[in-house]
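In: got a predicted structure here, sequence first:
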Amino acid sequence: MSTIEHWINGAATAGASSRTAPVFNPATGAPSTRVRLAGPSDVDAAVAAAAHAFESWSETSLSQRIKVMFAFRELLVRHEDELARIISAEHGKVVDDARGEIVRGREVVEYVCGLGDILKGSFSDQVSTGVDVHNFRQPLGVCAGITPFNFPAMVPLWMHPVAIATGNTFVLKPSERDPSAANLVARLYQEAGLPDGVFNVVHGDKTAVDAILDHSGIAAVSFVGSTPIATYVHERGTAHGKRVQALGGAKNHAVVMPDADLDFAARHLIAAAYGSAGERCMAISVAVAVGSAADPLVEILERKARAIKVGPGDDPTSEMGPLVTAAAQERVTGAVASGAAQGATVVVDGRGLKVEGHEDGFFVGPSLLDRVTTGMDAYREEIFGPVLAVVRVGTVDEAIALINANPYGNGTAVFTSDGGTARHFQRKVTVGMIGVNVPVPVPMSYYSFGGWKDSLIGDSPVHGPEGIRFYTRAKVVTTRWPHQERQTAAGFSFPTSD
Ligand code: NAD
């Protein structure tokens, strides 16, 4: 069985730690390879390489850095198929869906290809007699990214292109469940002309994460994953003086109004709930049916959920693949069971689904629960699987109150044909990313991505303007050239303009 190595200073390396973990093919349920699990000395080696590379990379001109990003972008296009297949084989998602995440991640590279414009500072002429003020932003140093299993290419791409283009160097600790995509990305960066040591990959688990959080050579940590770990990373990282952005879990609601086109809404809800087997932080896991929308909506959802073709990710006819691990499979079937036990109606039951030829794969079929209430575990917990819960309410304000009482606030959507309802919804709901007849409102790369409440610990969304701000810090310079102006006296009182 092959071993996935770390990537430090431009080369694959086994590192010092002898620990490894198996990586599974979720469609067969069998281990396909294993991955190194770094110890503190491996993290040390990556940080040392990144710190050394920072000395020259941070002095490399903006034009040169952008040129590397253009080349990297082209290589991501050329290697899209290879990368998508690697993701599908370890994550389980269908290949076309994996392509989608590469495209959305690549858009962040495209965004930073325009960094020349984005990074322009401002200049104020003659703020006092003979005095001008300008500002500019500089990189932080070595930055680290700790990422989840569900988007092994896209989520890291939310981070490293922005960090690197702005002059930082980077250590990525990807999920140990699907680690191979990170190594291909490292090779593409190298081929694009990125100097060795600017982008490094350290594979591992909690041991590696803790070593990153405690490391005095790391200036900033970007984290995306579940809320408990996001909270932990934020607390421990900031306690060690680092800048930390930490995106957490989600429970995303889509409100369906009686005036919505119900067939359109159901079609989009099905894709948003069951695409990638529900393993998306922006997946819709709760449909809030308002008034008379409920009965016809559930009827259409049932029909469409039953028609979904579940199979291995590399079968082009599959619409939905397996879950990532046996533990995830168990958690999801348990959520359906608990919904049933606590009084929900199981309209479609995905438990016990067997995919021919893949009987040991981590499959769970699309599941639809109706008449779910907010006290049920199936409502309160992030299931992170192909389970759509329907909650019935009487009015849009009840729907908004329900969403606002939920601790998560990542994404939400409203399906309606009424502009006034949509406007009211977007103004009142306490959620960071909102769709109007758009179920998965992932912002484009030139906006920032981040939720509210327990979906974002701290106050720093990723990519877009917030990403640039996160990976840089500002200087403001006040300038006077006395020989060009009349002499001014140096006073002892606090300077005011004159
Ligand atoms: P996770 O929190 O288990 O793992 C995320 C990262 O943290 C991984 O790199 C993992 O190795 C590390 N980690 C795990 N346990 C740790 C521990 N005890 N101490 C230190 N580090 C630890 O998340 P996951 O299961 O990989 O991903 C799914 C979760 O991520 C879901 O909750 C999902 O909503 C969330 N997610 C959120 C967003 C967002 O944008 N808000 C995006 C994608 C995924």
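Out: Sure thing, it's come through.
In: from here on, contacts and neighbour counts on C-alpha atoms
Out: OK.
In: state the pLDDT value of residue 325.
Out: We have a pLDDT of 98 for residue 325.
In: and it, what does it touch?
Out: 24, 26, 29, 362 (CA atoms under 8 Å, 6 or more residues apart in numbering).
In: now those as CSV including pLDDT?
Out: Formatted as CSV, those follow (pLDDT from 0 to 100):
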residue, pLDDT
24, 98
26, 98
29, 98
362, 98
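In: give me the phi and psi for residue 340.
Out: When quoted as degrees, to the nearest 10, the phi and psi of residue 340 stand at phi -60, psi -40.
In: burial of it, as a residue count?
Out: 18 (other CA atoms under 10 Å).
In: quick one: contacts for it?
Out: The contact partners of residue 340, taken as CA under 8 Å, 6+ apart, are residue 346.
In: distance check, it against residue 295.
Out: From residue 340 over to residue 295 the distance is 19 Å, taken as CA to CA, to the nearest Å.
In: what's the answer for residue 286, then?
Out: 15 Å.
In: what about the two, which has more around it?
Out: Remark: of residue 286 and residue 295, residue 286 carries more neighbours, 26 against 12, as counted by other CA under 10 Å.
In: near the ligand, which residues of the stretch 101-250 of the chain show up?
Out: 146-150, 174-176, 205-206, 209, 224-226, 229, 247-250 (CA under 6 Å from any ligand atom).
In: which SSE is the residue nearest the centre of the chain in?
Out: In the chain, the C-alpha nearest the mean C-alpha coordinate belongs to residue 155, at 4.0 Å (CA atoms, centre = their mean). When secondary structure is defined by DSSP states H and E, residue 155 falls within helix 154-165.
In: and the next helix or strand after that helix, what does it pack onto?
Out: Downstream of helix 154-165, the first helix or strand assigned by DSSP H and E is strand 169-173. In terms of contacts (3 or more CA pairs under 8 Å, 6 or more residues apart in numbering; DSSP states H and E), strand 169-173 is packed against helix 40-57, strand 142-146, helix 154-165, strand 199-201.
In: and the contacts of the first one?
Out: Residues from elsewhere that reach helix 40-57 (CA under 8 Å, 6+ apart): 8-9, 15-17, 141-142, 167-171, 195-202, 207-208, 211-212, 215, 217-218.
In: tally of neighbours for whatever residue of the stretch 1-150 of the chain ends up closest to the ligand?
Out: At 3.3 Å from the ligand, residue 148 is the closest residue in the stretch 1-150 of the chain, using CA to the nearest ligand atom. When neighbours are defined as other CA under 10 Å, residue 148 has 20 of them.
In: part of a helix, is it?
Out: No. If the criterion is DSSP: H, G, I helix; E, B strand; the rest coil, then residue 148 is coil and not within a helix.
In: I figured it hits residue 173, correct?
Out: No. Using CA atoms under 8 Å, residue 148 is not in contact with residue 173, being 9.4 Å away.
In: which residues are common contacts for these two?
Out: Taking CA under 8 Å, 6+ apart as the criterion, residue 148 and residue 173 do not both touch any residue.
In: which residue is the nearest non-sequential neighbour of the residue nearest to the centre of the chain?
Out: residue 147 (6.6 Å; CA to CA, 6 or more residues apart in numbering).
In: so what's that neighbour up against?
Out: Counting by CA under 8 Å, 6+ apart, residue 147 makes contact with 155-156, 172-175, 223-225.
In: likewise for residue 231?
Out: Contacts were defined as CA under 8 Å, 6+ apart; by that measure residue 231 touches 246, 248, 457.
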